[in-house]
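Chemist: Below: sequence and its predicted model.
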Amino acid sequence: MPVPFEALIPFGLLTVCFAATGTLFSAAKRLTNDGKPVRYGLDTWEENMMERDRRLTGSLRGQSTEPIAPAAFATNSVWETEKVQKTFL
């Protein structure tokens, strides 16, 4: 029994909707990563290097070839400051 042509219209719409969603999602992920593929399975070293790159260049995926860090790099530390509480008896 042949498939009626009316069934192809919803099938085509679903195919286009899924393809458009996947393409737009992939494009959005690449744009947020400066046009580079998404990183998966990051370990602590890679996270630290991404944080250093963000502090140097302003972007998680950006890298700098300058041998000397900018002056602002010395003061924008990743260490959070906290209040010291005295716990003396």
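Modeler: Now that the structure is in, tell me what you want to look at.
Chemist: Please read off the pLDDT at residue 65 from the model.
Modeler: If you check residue 65, the pLDDT there is 78.
Chemist: That one sits in which helix or strand?
Modeler: No secondary structure element spans residue 65, as it lies outside all helices and strands (assigned by DSSP states H and E).
Chemist: Okay, buried residues for the helix or strand bottoming out on mean pLDDT in the chain please.
Modeler: With mean pLDDT, DSSP states H and E as the measure, the helix or strand of the chain carrying the lowest mean pLDDT is helix 44-57 (a mean of 86). For helix 44-57, the buried set under the neighbour-count rule, 16 or more other C-beta atoms under 10 Å, comprises 50, 53, 56. To be clear about C-beta, it is placed using only N, CA and C from the backbone, and glycine gets the same treatment.
Chemist: With adjacent residues omitted, what lies nearest to the residue most central in space within the chain?
Modeler: Nearest to the mean C-alpha position of the chain, counting by C-alpha atoms, centre = their mean, stands residue 33 at 4.9 Å. Excluding its sequence neighbours, the residue lying closest to residue 33 (C-beta to C-beta, 6 or more residues apart in numbering) is residue 61, at 5.3 Å.
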